[in-house]
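Undergrad: I would like the atomic coordinates for the input below:
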Amino acid sequence: MIPRFERPEDLPGQSRVIPRRTPGAFAIASLAAMAWPPLILTLFVWPPENWLPGREIDWRLVVLFIGLVAAPAGLWLMLRWRAQTGRPGSRLGVVWRFMLFGGLLAASLQVVIALIMMVLGWLEAGSFLQATGATETILLIYGVGGLPVAILVGVSYSLWAGLCAAFIAFEGAPTPVRDRLGMIPQDR
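TA: Prediction:
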C-alpha cells in the first residue's frame with residue numbers, strides 16, 4: 001500500500017528536530033563531519049608527497065584543513081540561526097543548508113585561489129606578454145577547469161558533513177501536547 005502524506009511531517013526527512021543537549025555531541029558531530037570517508041581513505045592509499053604548506057601541497061590536505069575549520073563553524077552558525085529563527089527545523093533542512101553553503105564556500109575559495117595564483121604569475125613574469133600568458137593559463141586551469149570540480153567536491157563533502165550534523169548533533173523533537181481541555185496557556 002502506498003503511504004499517504006497528509007502533513008509535511010509525513011514526508012521523509014521532515015520530522016521536527018531539536019539540538020542535542022548531550023555534552024560533547026557537537027564536538028563529535030564536528031569531528032565526524034570533518035572526516036569525509038573518500039578523503040581519509042585516499043590519504044591512506046596514496047600518501048601525499050609533500051605534507052608542508054606551500055604551492056605544491058597536496059589538495060587533500062588543504063580540503064581536510066578547510067573541513068576542520070568549516071564543519072564546527074557551520075554547526076555553530078546552524079545553532080545560532082536556530083536560536084534566532086527556529087530554522088532549520090528538520091534534518092533535511094540541516095543537510096540542505098550544509099550543502100548550499102558548502103558549495104558556495106568551495107566556489108569562493110576556488111576563485112580566491114585562482115586570483116592568488118594569477119597575481120603570483122604576474123610577479124614571476126619577465127614581461128607583459130608572459131604575464132598575459134600566465135593569466136590565461138591560470139584562469140583556464142583554476143577557473144574553467146577547477147571551479148566545477150571544486151564545487152562538486154565541496155557539495156559532496158558538505159553533504160557528508162550535513163548528514164553527520166543532522167544525525168549526531170540533532171535529535172527528534174518531542175511531540176507537542178494537544179490542549180484537549182483548553183487549560184494550557186497559549187503564547188501570543
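
Undergrad: residues near T132, how many?
TA: 13 (other CB atoms under 10 Å). No exception for glycine: its C-beta is placed from N, CA and C like everyone else's.

Undergrad: got it, and I66?
TA: The number of residues near I66, taken as other CB under 10 Å, comes to 17.

Undergrad: With L92 as the reference, measure out to A25.
TA: Relative to L92, A25 is positioned 19 Å away (criterion: CB to CB, to the nearest Å).

Undergrad: cool, P47 as well?
TA: Counting by CB to CB, the separation of P47 from L92 is 37 Å.

Undergrad: Same check on T175?
TA: Using CB to CB, T175 is found at 19 Å from L92.

Undergrad: which one of these two has more residues nearby?
TA: For the pair T175 and L92, the greater number of neighbours falls to L92 (17 against 9), based on other CB under 10 Å.

Undergrad: And the pLDDT for the more buried one?
TA: Here the pLDDT value assigned to L92 is 87.

Undergrad: helices or strands next to the helix or strand hosting it in the packing?
TA: Secondary structure here is read from DSSP states H and E; on that basis L92 sits in helix 91-124. For helix 91-124, the packing partners by 3 or more CB pairs under 8 Å, 6 or more residues apart in numbering; DSSP states H and E come out as helix 59-85, helix 128-138, helix 146-164.

Undergrad: Just say which of these is most tucked in.
TA: Among the helices and strands packed on helix 91-124, the stretch with the highest mean neighbour count (mean count of other CB atoms under 10 Å) is helix 146-164, at a mean of 20.
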